[in-house]
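**Q** Give me a 3D structure for the following:
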Amino acid sequence: MERNPFSISFGKKPNQYIEREMIIDEITEEIESGENQCFTLTGVRGSGKTVTLTVIEQYFRKNKDVLVIDLNIERDMLTSLVAKLYDSGDVLKHFFDTGINLSAFGIGISVKNTKPVADIESALEMILRELKKRKKKLVVTIDEVYNNAGMKAFASTFQIMIRQELPFYLIMSGLYENIHALEDEKNLTFLYRAPKYMMDPLDSLDIKKSYMNVLSVSEQTADQMVKLTRGYPFAYQALGKYMWKSPKHEITEQVIEQYDKALAAYVYSKIWSELSEKDRWNMRFIAQKETMRTRDFLELSGQNKNEFSQYRIRLSEKGLIDISQRGFISVVLPRFSEFVKKQEM
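**A** Now for the predicted structure:
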């Protein structure tokens with residue numbers, strides 16, 4: 001049996017994948033030219049942040065003059081970075097073994113007649129200076145960033161290194177509120193100036209062509225599928241997965257039921273649990289219609305405009321509502337209204 005080309009696994013690039021070419025091209029080109037050194041990818045869960053980050057990593061791993069290190073935010077990030085650099089290749093191992101004694105951090109072996117480096121930041125600086133001499137670059141990627149002590153320390157060190165014009169590049173992905181909290185730290189406001197890429201909906205025509213080519217569905221069915229996904233990357237994969245399993249590749253009640261369950265289990269339940277009680281309360285009114293006038297919402301909820309203003313902005317930043325059309329509120333995620341209606345008060 002032919003393997004299903006659609007996947008709802010997170011992080012791994014699916015066989016059937018619509019690439020965000022513009023974002024990938026801009027970031028790779030700016031790193032290659034040295035124009036910018038820090039980039040952030042942000043969007044709602046399931047919007048393709050991790051996969052895009054993975055594709056960029058794979059691109060640079062093919063370049064012998066670029067070292068790519070993926071860091072875990074839950075670890076001691078500076079020590080982890082230096083340790084991974086030590087393990088990254090024969091050239092660097094030779095340099096470390098003969099030039100830098102990292103034994104104080106439990107990295108490598110003790111170097112005779114070389115005093116151990118006492119500070120991990122100093123060790124990283126020495127490594128970066130050597131990379132610069134060799135015309136190499138270091139690209140560090142961090143997925144699902146948030147504001148913790150380790151991330152703040154790492155970002156502060158990164159800022160010091162780029163001020164010294166060292167070849168250190170950072171690409172982070174995370175939820176909007178987590179990146180915003182990091183940017184708000186008084187010593188890390190430089191992050192506000194870093195290019196920020198929103199994971200906007202996928203192009204409707206790309207989704208349509210993909211479904212028609214892979215599933216051999218009619219143009220009419222493909223158009224219906226596009227409307228059901230609203231360009232949301234996880235939805236594109238989930239609907240494709242269950243349509244592939246459907247004997248005649250038709251949109252049936254069973255397909256919609258499986259699709260809804262996948263959206264709820266893999267994404268929406270988590271999004272819902274992370275909302276404040278007031279945010280959930282507001283979403284229950286908003287979800288009564290896919291699009292409603294703001295004045296109708298205020299009448300339904302009994303709020304005044306000023307009272308709702310802060311929640312309106314916050315729900316928009318979380319990627320749950322669209323407020324771009326003046327006087328209207330729209331639900332962004334596909335079938336999220338149906339999900340919200342099923343949640344207990």
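**Q** Retrieve the pLDDT associated with the residue sitting nearest the centre point of the chain.
**A** Of all residues in the chain, the one closest to the mean position by C-alpha atoms, centre = their mean is residue 49, 2.6 Å from it. As predicted, residue 49 sits at a pLDDT of 94.
**Q** Quick check: it vs residue 293, distance?
**A** Distance, residue 49 to residue 293, by C-beta to C-beta, to the nearest Å: 32 Å. (Each C-beta comes from the backbone N, C-alpha and C, glycine too.)
**Q** what's near enough to touch residue 12?
**A** By C-beta atoms under 8 Å, 6 or more residues apart in numbering, the contact list for residue 12 reads 51, 54.
**Q** Nearest spatial neighbour of residue 65, chain-adjacent residues omitted?
**A** Spatial nearest neighbour of residue 65, excluding adjacent residues (C-beta to C-beta, 6 or more residues apart in numbering): residue 136 at 5.1 Å.
**Q** Go ahead and confirm the one you found touches residue 63.
**A** No - judged on C-beta atoms under 8 Å, residue 136 makes no contact with residue 63 at a distance of 9.5 Å.
**Q** who touches the helix or strand encompassing residue 225?
**A** Residue 225 is located in helix 219-229, with elements delineated by DSSP states H and E. With contact meaning C-beta under 8 Å, 6+ apart, helix 219-229 is reached by 202, 204, 207-209, 211-212, 217, 235-236, 239-240, 243, 249-251, 256, 259, 334-335.
**Q** Any of these buried? List them.
**A** Those of the contacts of helix 219-229 that meet the buried threshold are 202, 207-208, 211-212, 217, 235-236, 239-240, 243, 249, 251, 259, 334-335, by 16 or more other C-beta atoms under 10 Å.
**Q** Of the residues you listed, which pair is most distant in space?
**A** Spatial extent of the buried ones among the contacts of helix 219-229 (C-beta to C-beta) is set by the pair 212 and 335 at 21.9 Å.
**Q** Is there a neighbour count for residue 216? I'd like the number.
**A** Neighbourhood size, residue 216 [other C-beta atoms under 10 Å]: 10.
**Q** How much space separates residue 244 from residue 193?
**A** 44 Å.
**Q** Wait, residue 295 touches residue 327, no?
**A** Yes - between residue 295 and residue 327 there is a contact at 7.3 Å, judged by C-beta under 8 Å.
**Q** What ranges in the stretch 101-250 of the chain fall below the confidence cut-off?
**A** Applying pLDDT under 70 to the stretch 101-250 of the chain flags the ranges 101-118.
**Q** Would you map the strands across it?
**A** 137-142, 168-174, 196-198 (DSSP state E, counting those that start in this stretch).
**Q** Those: which one's closest to residue 274?
**A** Proximity to residue 274 (C-beta to C-beta) singles out strand 168-174 among the strands of the stretch 101-250 of the chain, at 12.9 Å.
**Q** Who are the packing partners of that closest one?
**A** strand 38-42, helix 49-61, strand 137-142, helix 149-163 (3 or more C-beta pairs under 8 Å, 6 or more residues apart in numbering; DSSP states H and E).
**Q** What strands line up against that strand, and which way round?
**A** Its sheet considered, strand 168-174 pairs with strand 38-42 (parallel), strand 137-142 (parallel) by DSSP bridges.
**Q** And the average pLDDT for the first one is what?
**A** I take that to be strand 38-42. pLDDT averaged over strand 38-42 gives 96.
**Q** Next, the angle helix 149-163 makes with it.
**A** For strand 38-42 against helix 149-163, the angle by axes from the mean of the first three to the mean of the last three C-alpha atoms, to 10 degrees is 140 degrees.
**Q** How about residues contacting strand 38-42?
**A** Contacts of strand 38-42 (C-beta under 8 Å, 6+ apart): 23, 27, 30, 49, 52-53, 158, 162, 169-176, 179, 190-191, 194-199.
**Q** Going through those, which ones are buried?
**A** Of the contacts of strand 38-42, these count as buried by 16+ other C-beta under 10 Å: 23, 27, 49, 52-53, 158, 162, 169-176, 179, 191, 194, 196-197, 199.
**Q** what about the closest residue to residue 3 other than its chain neighbours, neighbour count?
**A** Excluding the flanking residues, the one nearest residue 3 by C-beta to C-beta, 6+ apart is residue 15, at 7.4 Å. By other C-beta under 10 Å, 11 other residues sit near residue 15.
**Q** can you check residue 20 too?
**A** Using other C-beta under 10 Å, the number of residues around residue 20 comes to 24.
**Q** just residue 11 next, same as before
**A** Residue 11: 11 neighbours (other C-beta under 10 Å).
**Q** now the one 5 residues further on
**A** Residues near residue 16, counting by other C-beta under 10 Å, number 19.
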